[in-house]
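J.: here's a sequence, model it:
(2 chains)
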Amino acid sequence: MKILDTIPIRPAPSPAANAPALLQEIAAALDALLLSRQRHCIDLGSLPLSPADRDMLREALGTGEIHMELTTLGNSRIEETGVPGVWWVRHSSEDGILLTESLEVCHVPEIVPADTTDIAIGLQRLRQRIAVRASGGQ
Amino acid sequence: MDETILDAFRQNGLSRRAFLKFCAATTSLLALPPAAAAAMAEKLAGTLRPTVIYLSYQECTGCLESMTRSFSPTIEHLMFNNISLAFNDTLQAAAGEAAEAARKEAMRKAWGKYILIVDGAVPMGGGGAYCVAAGQSAVDDLRHAAQGAAAIIAVGTCAAFGGVPYAAPNPTGAVPVSEIIRDRPIINVSGCPPIPEVMTGVIVYYLSFGMPALDRQGRPVAFYGNTIHDRCYRRPFYDEGRFAHTFDDEGARNGWCLYELGCKGPVTYNACATLKWNQGTSFPIQSGHGCLGCSEPDFWDKGGFYRPLPAATGHWPRGEVLGGAALGGAVVGVGAAALARSRQQAAAAKSAKEVSHPPPKEDSHEH
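T.: Predicted structure coming up:
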């Protein structure tokens, strides 16, 4: 494979082209969230982002207080950035492949709170367990 | 069978969170605005799992091979959670009469409502004798199955445009699905094979929002809205006039544009340059080979994979059919473009003559 090393690879320079506009969009979305509780979501996968763009976003948004890991259909990381109300959400598949990456502007991403029907199903299960215990079963 | 898609998630021990995640991933894949994830979640939660019948005719099973490699959503995920795959002769365990009986029963139960996926062209020659299964010719089988279908997804270039069986001299009289069925909505998902995620994505889109917006070739615009060339990472080299002229010259080593080596990217509408293949690893141009144009009609008969396109104009040869939108992508040199266009029109007229389809009978009723 030595010969492969001789092939010159010239990666194109990639300035941060889209991050400044994204930061403006996030600021506007935060305004809307404060004024009218309106949620906003930016799909990062659909935008051409260079490494420099990503660095600029990371740097401007910083790291926040909450890091959550969701384990259903593979892992997902939900992190609040240093700007409260801006969440960096990454969903991966069971094989660890990144499915979608987005910035959510909201109090809490919709995927986080427990759903009413899921609570009801869980409660039913808990009641069954309590009943089994009360009847001396396992 | 009366369970909704969200019910199916819960049956499999998955929470609403999993469901929301699935919707977010699919929305992103379909390049829909993120807000559509909520709309998709709302719609799918109340949608009954539809019966899907998958029929294979003149095909090589490459499309199904491709589909089983979809990573988001996976085919298993679709089958367990989103659809009820009632018949697929390759994936199912049953065979022979048991399989045919199961299929008839599933079709009877969901008559008028099921999604019919067709893979492969349909031979009309010899009274349909070139493709017969369980004593029925493909054409009769398709006509019958289509009657009970809510919509048809023609998977692969063979089903969508005739593909390889349709290529000259077309010894079996193969035709695409749309030549036979004219009274059902048909979504063409072309490609040889189509990108796995495009096939599964189209199914989920149909379940969520109904018929997707289609282009003139009946393909979903979400995936077939741009040419390979428009989204190619080597496009800047084309604009700079830097081309590879052989597969081992300096241009090839430097990863320059493959236009001169016959790349059909400028006239091929597909999502290879953005979605890529094998879990987003690469696509032909990234691997150093030009695009073959496999998602376009008659790609096999366009005069050689390594012959450069007629001129460096960057439009689809049937530009006059697509109109201004396609021509908007014109590059440089008005004179060159006009010259190229007249050449293309001549080529298109010639190819239209060569591959002219028998005029549809139904057309006379419409006018």
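J.: after the helix or strand residue B:118 falls within, which helix or strand is next?
T.: Secondary structure from DSSP states H and E places residue B:118 in strand B:114-119. As assigned by DSSP H and E, the chain's next helix or strand after strand B:114-119 is strand B:122-123.
J.: quick one: the next helix-or-strand element following that next one to chain centroid distance?
T.: Next helix or strand after strand B:122-123 toward the C-terminus (DSSP H and E): strand B:132-133. Centre-to-centre, strand B:132-133 and its host chain are 24 Å apart (Cα atoms, centre = their mean, to the nearest Å).
J.: and the helix or strand that strand B:132-133 is followed by, which strands flank it?
T.: As assigned by DSSP H and E, the chain's next helix or strand after strand B:132-133 is strand B:136-137. Taking DSSP bridges as the criterion, strand B:136-137 pairs within the sheet with strand B:132-133 (antiparallel).
J.: give me the contact list for the strand it pairs with.
T.: B:89, B:138, B:141 (Cβ atoms under 8 Å, 6 or more residues apart in numbering or on different chains). Every residue, glycine included, has its C-beta placed from N, CA and C.
J.: coming back round to it: how far off centre is the strand holding residue B:118?
T.: 13 Å.
J.: again, but for stretch A:109-129
T.: Relative to the centre of its chain, stretch A:109-129 is centred 22 Å away, using Cα atoms, centre = their mean.
J.: show me the contacts for residue A:114.
T.: By Cβ under 8 Å, 6+ apart, residue A:114 has no neighbours at all.
J.: that older thread, what packs against the strand holding residue B:118?
T.: For strand B:114-119, the packing partners by 3 or more Cβ pairs under 8 Å, 6 or more residues apart in numbering or on different chains; DSSP states H and E come out as strand B:51-56, helix B:138-147, strand B:149-155, helix B:156-161.
J.: pick the most buried one from these.
T.: Comparing the helices and strands packed on strand B:114-119 by mean neighbour count (mean count of other Cβ atoms under 10 Å in any protein chain shown), helix B:156-161 comes out on top with a mean of 30.
J.: pull the CA atoms of that one into CSV?
T.: Presented in CSV, the C-alpha positions along helix B:156-161 are these (Å, rounded to 0.1, in the frame of the first residue of the first chain):
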residue,chain,number,x,y,z
GLY,B,156,-35.6,-0.2,-9.5
THR,B,157,-35.0,1.0,-13.0
CYS,B,158,-36.5,-2.2,-14.5
ALA,B,159,-39.9,-1.7,-12.9
ALA,B,160,-39.7,2.1,-13.4
PHE,B,161,-38.4,2.4,-16.9
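J.: who are the packing partners of it?
T.: strand B:114-119, helix B:163-166, helix B:177-180, strand B:186-189.
J.: what is the mean pLDDT for the first one?
T.: Mean pLDDT, strand B:114-119: 94.
J.: just the pLDDT for residue 26.
T.: Picking chain A for this. pLDDT for residue A:26: 97.
J.: you answered for a different chain; I wanted chain B.
T.: Listed pLDDT for residue B:26 reads 84.
J.: in contact with the residue lying closest to it once chain neighbours are set aside, which residues?
T.: What sits nearest to residue B:26 in space, not counting adjacent residues and going by Cβ to Cβ, 6 or more residues apart in numbering or on different chains, is residue B:204, at 5.0 Å. For residue B:204, the contacting residues are B:26, B:30, B:40, B:44, B:73, B:78, B:82, by Cβ under 8 Å, 6+ apart.
J.: pLDDT score assigned to residue B:204?
T.: pLDDT, residue B:204: 85.
J.: mind checking what helix or strand follows the helix or strand it falls within in sequence?
T.: When elements are assigned from DSSP H and E, residue B:204 belongs to helix B:196-209. Going down the chain from helix B:196-209, the next helix or strand is helix B:221-224, by DSSP H and E.
J.: list the buried ones in that following helix?
T.: Across helix B:221-224, burial judged by 16 or more other Cβ atoms under 10 Å in any protein chain shown covers B:222-224.
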